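Engineer: have a look; sequence and predicted model below, questions after that.
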Amino acid sequence: MDLGIRGRKGIVCAASKGLGRGCAEALAEAGVDLVICARGRDALEATADVLRSKGVPVTAVVADITTEDGRAAVLAAAGPQVDILVTNAGGPPPGLWSDWARGDFLQAIDANMLTPIALMQAVLPGMMARGWGRVVNITSVSVKAPVAVLGLSNAARAGLTGFVAGTARQVAGQGVTINNLLPGMHATDRAVALDQGAARAQNISEDEARAQRWATIPVGRYGTPAEFGAACAFLCSMHAGFIVGQNILLDGGATNLSM
Ligand code: NAP
């Protein structure tokens, strides 16, 4: 299917690895000119080279997207016309509800709520003026099924979800769609780290820990960044103009919601 976005300009945040990279690869295959960012230079440059090999211009910006300076650098690299924005950043650490102080909440809210909101506020006016735009926020399954040990993530992502629910309806009339993609367990560095943590905690092998986690997913495996990226690229396509303000779960059926 031709996604109809060849030559569009897109920003994919936190895109040197994992789900952000999956989104960037799928958008590059659809012909989107990309600005990508991450904090570490080496992985970012390597990813940029892979994306360029798909035939699109790519600007790689070493930046922490959760800082004002980082966001300014990414937006400056993209220039005045941004057609597609994919927001993403690392998730907050796990813990217990009684562990977290005000500063921990502010950090999580800054990274996973206020950062995507600031990026949307920066690009939405131009998208609306031009009559076309696509925003996809990478959030988490924890939006629909909060994970107890991820209280910081649950809190920050719930705030972003509420903001998007209202804002998406306010900009849709100008040809701009905003949707959230909610990953369940995907095969990224984070999944490996979680497998290793479970293996250590139960004194079992990493393979056994992975098998236990796979068994909780009806499809019997982790999702891949490529599958995630394909869903993202479709939401960014010309075909997705009637999908507005949705929270789309990509979790292999792990969360049993009837609606
Ligand atoms: P990942 O494999 O660890 O990749 C994270 C990517 O983001 C890397 O490229 C990293 O590069 C970059 N990054 C992290 N923090 C950044 C920052 N402050 N500024 C710029 N770049 C940053 O993570 P992932 O699994 O793709 O997860 C992506 C998001 O989805 C996270 O918020 C995570 O909590 C959420 N999520 C993931 C899963 C899953 O199963 N994978 C499930 C639910 C939710 P640098 O470190 O070099 O900056």
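Structural biologist: Ah, there it is.
Engineer: what is the least confident helix or strand in this protein?
Structural biologist: helix 189-202 (a mean of 90; mean pLDDT, DSSP states H and E).
Engineer: is the ligand contacted by the helix or strand that that one is followed by?
Structural biologist: Using DSSP states H and E, the helix or strand that follows helix 189-202 in sequence is helix 206-214. No. Contact of helix 206-214 with the ligand (C-beta under 6 Å from any ligand atom) is absent, the minimum separation being 10.1 Å. No exception for glycine: its C-beta is placed from N, CA and C like everyone else's.
Engineer: how about the least confident helix or strand of the chain: buried residues?
Structural biologist: Residues 190-191, 194-195, 198-199 are the ones in helix 189-202 that count as buried (16 or more other C-beta atoms under 10 Å).
Engineer: what's the answer for stretch 146-166, then?
Structural biologist: Of all the residues in stretch 146-166, those buried under the rule 16+ other C-beta under 10 Å are 150-157, 159-161, 163-164.
Engineer: check stretch 231-242 too.
Structural biologist: Buried, per 16+ other C-beta under 10 Å, within stretch 231-242: 231-237, 240.
Engineer: rewinding a little: the least confident helix or strand of the chain to helix 206-214, inter-axis angle?
Structural biologist: Counting by axes from the mean of the first three to the mean of the last three C-alpha atoms, to 10 degrees, helix 189-202 lies at 110 degrees to helix 206-214.
Engineer: which helices and strands sit right next to helix 189-202?
Structural biologist: Under the contact definition 3 or more C-beta pairs under 8 Å, 6 or more residues apart in numbering; DSSP states H and E, helix 189-202 sits against helix 206-214.
Engineer: now do the lengthiest helix in the chain: which elements does it pack against?
Structural biologist: If each helix of the chain is counted by residues according to DSSP state H, the longest one is helix 151-171. Contacts defined by 3+ C-beta pairs under 8 Å, 6+ apart place helix 151-171 against helix 102-109, helix 115-130, strand 133-138, strand 176-183.
Engineer: kindly report the residues of the stretch 101-250 of the chain close to the ligand.
Structural biologist: So the stretch 101-250 of the chain meets the ligand at 138, 140-141, 183, 185-186, 188-191 (C-beta under 6 Å from any ligand atom).
Engineer: which residue sits farthest out from the middle of the chain?
Structural biologist: Each residue of the chain has a distance to the centre, and by C-alpha atoms, centre = their mean the biggest one is for residue 203: 32.5 Å.
Engineer: quick one: the strands in the stretch 1-150 of the chain?
Structural biologist: Counting by DSSP state E, counting those that start in this stretch, residue ranges of the strands within the stretch 1-150 of the chain are 9-12, 33-38, 58-62, 84-87, 133-138.
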